[in-house]
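Participant: Turn this into a structure:
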Amino acid sequence: MPAPPVSPQLPDKPVRIAPWRGPLQFGLLLVTAVWTMALQLGYLLLVMGLLVWMGREAWLLTGHKGWSEWLRWRMVPEVMKFIFMGVTWVFMFRPLLLRPKSAQVAVQVSPATQPQLFEIIHLLSWHLRAQPPVQIWLDSTITVRSSLLGGLSGILGGQTVLHLGMPVVSVITSRELGGLLAQELSHNAGGIGTLFVHIVRETNAWFFRAALERDPWEVYAHITPQREAEWHHLGRRLMRGWMWAAKVPFVVFAIAARVVSTPALWLLRRSAAGCGANVIGKDMCRRMQHKLDLLSGAWEAAQQEIQEGIIRHRLPENLSLLMARHVATAAKDRAAARAEAAVDGEPKAAGEIVKGSGEVAKGAVIVAHLSHSQPAASLLRQFVDLSRQVSCFYYQHGLGLNLHEHRMVGDEEGIHPNKSGEDALLVIRRYFGGLAHPERALCGLGSTPTSSTALPELQREILQLREEIIGWGPQFKVALQEWNLAWQRRRDLEAATTLSIAGFTVSRLQFGTRDSTTGTLREEAHCQRMVMEHMEGPMQARERVLERRFAAALGMLWWSDPAELNEWLRVRRRDLPAWVTIYEAMSGALPSFRELLTTFFAFQTLNAKSAHADDPGAFLTALQSVVPRMLNLLRQISATMDGAPFPFTDDGKTVTLNQHLMPGPLPEIPGVSMILMDAASMRDISLQMASRASEFIAPYVETFLSHYHRAFAWLAESAERTETHFLGSLNDGSTTEILLPDEFITQRLGMKSRSPDAIAAWKPPS
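Facilitator: Residues are numbered from 1 along each chain as shown. From the prediction side, this is the model:
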């Protein structure tokens with residue numbers, strides 16, 4: 001292999017960094033390779049022998065039987081036996097038909113696109129006296145691994161493929177990446193022994209993949225449909241057990257191959273770790289391994305965020321940076337815990353660490369041009385864009401998601417934590433069966449009731465409304481979700497419009513628009529607003545029914561004799577006027593507050609990118625498009641709630657709701673004339689404007705939302721307990737209960753089959 005172009009600081013001849021493999025290790029590799037191949041061939045002979053035996057038995061059976069004997073009933077067990085053995089043989093032969101590995105989740109790079117990465121790899125391969133990989137792929141895994149091109153079929157060719165996990169690159173430094181690459185490439189540095197290394201590694205990988213791989217029809221056999229007959233469910237379980245039982249011999253061979261290969265694989269890992277230590281030193285190798293150990297926890301945390309994002313249709317756009325933040329947080333916590341433990345520790349241990357840090361590695365000159373503090377991501381051109389592309393491939397091909405149904409959201413765009421588990425929202429969702437949006441008001445939609453306030457009339461109205469809600473509840477919940485998605489899309493488009501004004505690049509693929517200009521994004525946001533407005537009328541017609549039930553339940557609490565209430569309801573009845581006043585005032589301001597949430601989301605997105613703004617004038621223009629609008633909306637909200645009291649203060653004194661939510665006056669935004677200002681002045685004014693707006697509006701938005709949800713949940717819980725007190729459990733006088741749409745379908749099926757055990761939340765009549 002020709003030597004790569006080297007700088008004057010690099011040696012003229014290769015430095016031996018790969019540990020020497022002695023005759024004992026070579027012999028162990030040879031024996032292990034022979035045994036693993038023998039196990040693979042042994043399973044093939046077992047399957048072929050079983051097929052030959054079945055053919056012989058079938059020939060013996062058919063050769064002594066005439067057509068008249070085949071038509072007798074006693075031949076049925078013989079035929080069923082051969083059918084059973086044939087299907088079992090197919091299941092046993094299935095692992096031998098292993099499909100080649102798919103690279104749909106990875107991105108291949110070339111020397112033209114990533115010259116620095118290829119230069120490091122070729123330099124290390126030259127020093128290792130090994131052939132460099134012919135292909136390099138970037139994927140979303142948390143490992144760096146090399147494999148043969150074509151798997152086991154490529155053993156004689158010896159060409160390797162390197163898979164580099166983007167999360168790994170995002171958490172280590174440039175020099176640590178050099179050591180990690182040397183550690184993995186050292187598996188190819190062994191002369192004739194490299195062939196046996198490939199045989200051992202690829203055979204074990206083949207056994208592992210063949211034991212776990214599933215065809216689409218096998219995956220379907222593991223999925224339990226919601227509606228399924230009992231006999232069909234039993235048949236699927238028997239088929240699944242049959243497939244696993246047929247694969248038991250193959251699993252036994254795979255375990256045997258793993259056991260036989262354990263000593264050789266351990267020696268290979270030890271030699272590879274020694275090669276990495278020879279390049280970057282043992283201390284740096286140890287620090288790198290600590291970072292890589294934290295990646296497994298970061299992967300689990302990222303998977304949880306992805307699952308929450310799937311529910312909210314908002315996926316993190318960059319998995320590598322997301323996991324890097326989790327690793328940084330975990331490393332910070334571990335360092336803090338170690339610092340606390342070191343207070344009572346021995347100073348000798350710290351001295352040993354400092355002493356070891358001065359070690360000079362044998363091959364340090366190879367990676368001397370790589371910084372020990374610069375991130376490894378700096379060695380890859382357009383690392384962020386590549387990481388986003390790999391993340392999208394993982395969502396699309398790894399998880400099977402339709403990206404058109406989800407929004408790719410960056411960390412700077414505010415992936416807000418999922419608040420679905422908050423107590424207030426759980427109460428609202430439970431009482432209304434998921435038919436009330438926490439940012440929509442159920443107040444003032446209908447006219448003031450003029451019917452009788454007698455307890456029997458209110459009870460009759462609640463029962464009637466319950467029965468009506470059961471009829472259109474599932475369809476209305478779908479409409480509510482569509483409205484919420486339209487609102488989320490509008491918020492994203494408003495944020496994208498603001499970023500476009502500020503001069504940032506916005507991908508049109510994120511929104512499905514013809515281009516990413518400011519006018520197009522603003523027009524699409526306007527269309528989403530029209531969608532929301534067109535849905536308002538039909539949705540409010542249904543929400544008016546929810547309001548009638550809500551008001552009737554609270555009316556029962558207010559107009560009932562205190563003697564008819566329990567202690568909990570009497571306390572609630574005493575505070576009912578105050579909470580109703582707060583809820584009514586905040587509900588009237590809710591439409592303006594939703595507009596404030598939309599604009600504030602755009603402001604947050606823009607503010608998070610302030611450090612990366614290249615054009616101070618464009619950034620200031622974008623701020624001027626959102627900050628005055630937020631202040632005007634605040635004035636509208638304050639005017640709507642003018643005069644409403646807030647009695648629940650710490651000192652017991654009643655203040656107005658506006659004073660409680662907004663303790664100070666609105667900030668004064670300085671007037672700006674960009675004609676006579678330079679770039680530095682524009683940047684200073686932009687930062688000042690953003691800081692003032694953020695310090696005032698962010699606490700207001702958080703306080704308003706928490707108080708509104710608290711008031712809504714307080715009233716919903718009071719209505720729920722009142723209905724339970726006067727009408728028993730939340731049902732309509734029969735065994736049908738108001739549930740979520742999926743639960744209601746299950747219950748309706750149970751009622752149809754007259755099976756109380758199949759009815760969700762079934763309660764026997766009192």
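
Participant: So which residues of the stretch 51-200 of the chain form helices?
Facilitator: For the stretch 51-200 of the chain, the helices defined by DSSP state H, counting those that start in this stretch cover 67-70, 76-93, 115-128, 166-171, 174-185, 193-212.

Participant: what's the answer for the stretch 651-766 of the chain, then?
Facilitator: Taking DSSP H, counting those that start in this stretch as the test, the helices found in the stretch 651-766 of the chain are 657-661, 679-727, 741-753.

Participant: quick one: which of the ones you listed is nearest Q135?
Facilitator: Taking Cβ to Cβ, helix 679-727 is the member of the helices of the stretch 651-766 of the chain nearest to Q135, at 45.5 Å. The C-beta positions use only the backbone N, C-alpha and C, and glycine is treated the same way.

Participant: mean confidence for the closest one?
Facilitator: For helix 679-727, the mean per-residue pLDDT is 86.

Participant: Could you verify my assumption that R594 touches H437?
Facilitator: No. The criterion here is Cβ atoms under 8 Å, and R594 misses it with H437 at 10.2 Å.

Participant: For the stretch 401-550 of the chain, which segments count as helices?
Facilitator: Applying DSSP H, counting those that start in this stretch to the stretch 401-550 of the chain gives helices spanning 423-432, 455-501, 518-559.

Participant: To I17, which of those helices lies closest?
Facilitator: I17 lies closest to helix 455-501 among the helices of the stretch 401-550 of the chain, at 47.4 Å (Cβ to Cβ).

Participant: for the closest one, what is the average pLDDT?
Facilitator: Mean predicted confidence for helix 455-501 is 88.

Participant: what's the angle from it to helix 518-559?
Facilitator: 160 degrees (axes from the mean of the first three to the mean of the last three Cα atoms, to 10 degrees).

Participant: same for helix 455-501, what does it pack against?
Facilitator: Contacts defined by 3 or more Cβ pairs under 8 Å, 6 or more residues apart in numbering; DSSP states H and E place helix 455-501 against strand 407-409, helix 518-559, helix 590-608, helix 616-640, helix 679-727, helix 741-753.

Participant: which one of the ones you listed lies closest to M92?
Facilitator: Across those, M92 has its closest neighbour in helix 741-753 (39.1 Å, Cβ to Cβ).

Participant: ok, of the helices of the stretch 51-200 of the chain, where does mean pLDDT dip lowest?
Facilitator: With a mean of 55, helix 67-70 has the lowest mean pLDDT of the helices of the stretch 51-200 of the chain.

Participant: one step back: looking at the helices of the stretch 651-766 of the chain, which is nearest to E422?
Facilitator: With Cβ to Cβ as the measure, helix 679-727 is the member of the helices of the stretch 651-766 of the chain nearest E422 (7.3 Å).

Participant: mind checking how far the closest one is from the chain centre?
Facilitator: Distance of helix 679-727 from the chain centroid (Cα atoms, centre = their mean, to the nearest Å) equals 26 Å.

Participant: follow-up on the earlier one: put together JSON lines for the helices of the stretch 651-766 of the chain, with distance to G49 and mean neighbour count on each row.
Facilitator: Below are the helices of the stretch 651-766 of the chain laid out as JSON lines (distance: least, Cβ to Cβ, whole Å; neighbours: other Cβ atoms under 10 Å):
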{"stretch": "helix 657-661", "distance to G49": "81", "mean neighbour count": "18"}
{"stretch": "helix 679-727", "distance to G49": "69", "mean neighbour count": "18"}
{"stretch": "helix 741-753", "distance to G49": "50", "mean neighbour count": "15"}
